[in-house]
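Participant: I would like the atomic coordinates for the input below:
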Amino acid sequence: MHDVVIVGGGPAGLSGALFTEKNGLDTVVFDTDETWMHKAHLFNYLGIDSMDGSEFVAQSREQVEEFGVTLRDEAVTAVEETAEGFAVATEAVSEAGEAGDQTGGDQTVEGRYLVLATGADRSLADSLGCSFTDEDTVDVTVSMETSVEDAYATGAMVRAEEWQAVISAGDGAAAALNILSKEKGEHFHDFDVPADAE
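Facilitator: Reported below is the predicted structural model:
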């Protein structure tokens, strides 16, 4: 069982994965690399002067893998609550890989926390039973937690028309920090100093 399962590998999903894995939580990201970022060019992302969206995604994926995040190129077909957290069903790419239930070509992976970062596709949140707002977005707290405990939604899932990469990345970080705070039993801050880079 993983500590954190993230569905979606755009700025929100990868940002969340970076924070959780960096701070000791075993994290897996399911992503078929179909993020809107491949259609974008970044001029308004803090710290980036000008960068193609596909280059941004490639660098972000490389960064999270360097921290130890497992990236799986598999489509998630369903999510559900379990006694210990969440089960994520995927279309198995091959027979090798993650241990889990393998029936009918599908595979089940479990995690204690779930982060949904699927852009404007809110179908997994709906099937999980998350509450929605009057604007038909997933209803979340300021820490991105849904009405389903330990399940988080981020980015375009929770915002009507505010689909900026930098906002999504912040949503992913907010979800991750809340998960880490729950794990530590107190407010957790991921704050590095220059000596940490040595």
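Participant: C-terminal to the top strand by length along the chain, what's the next element?
Facilitator: Taking DSSP state E as the criterion, the chain has its longest strand at strand 106-116. Next helix or strand after strand 106-116 toward the C-terminus (DSSP states H and E): helix 123-128.
Participant: tell me the buried residues in that following helix?
Facilitator: Buried residues in helix 123-128, counted by 16 or more other C-beta atoms under 10 Å: 124-125, 128. Placement of C-beta: from N, CA and C, glycine included.
Participant: chain center to it, what's the gap?
Facilitator: 15 Å (C-alpha atoms, centre = their mean, to the nearest Å).
Participant: who does the longest strand of the chain touch, helix- and strand-wise?
Facilitator: Using 3 or more C-beta pairs under 8 Å, 6 or more residues apart in numbering; DSSP states H and E as the contact test, the elements touching strand 106-116 are strand 2-7, helix 11-22, strand 27-30, strand 76-81, strand 86-91, helix 123-128, strand 151-153, helix 165-184.
Participant: could the ones you listed go into CSV alongside distance to F56 and mean pLDDT?
Facilitator: Converted to CSV, the helices and strands packed on strand 106-116 look like this (distance: least, C-beta to C-beta, whole Å; pLDDT from 0 to 100):
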stretch, distance to F56, mean pLDDT
strand 2-7, 18, 98
helix 11-22, 8, 96
strand 27-30, 16, 97
strand 76-81, 23, 95
strand 86-91, 25, 92
helix 123-128, 24, 97
strand 151-153, 22, 98
helix 165-184, 8, 94
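Participant: make a markdown table out of the ones you listed and add distance to I48.
Facilitator: Shown next, in a markdown table, are these (distance: least, C-beta to C-beta, whole Å):
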| stretch | distance to I48 |
| --- | --- |
| strand 2-7 | 22 |
| helix 11-22 | 11 |
| strand 27-30 | 21 |
| strand 76-81 | 29 |
| strand 86-91 | 31 |
| helix 123-128 | 29 |
| strand 151-153 | 25 |
| helix 165-184 | 9 |
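Participant: wait, which of those is closest to T108?
Facilitator: In terms of C-beta to C-beta, the element of these nearest to T108 is strand 86-91, at 5.1 Å.
Participant: what does that closest one rub up against?
Facilitator: If you take C-beta atoms under 8 Å, 6 or more residues apart in numbering as the criterion, strand 86-91 is touched by 5, 7, 30, 72, 74-81, 105-114, 150-151.
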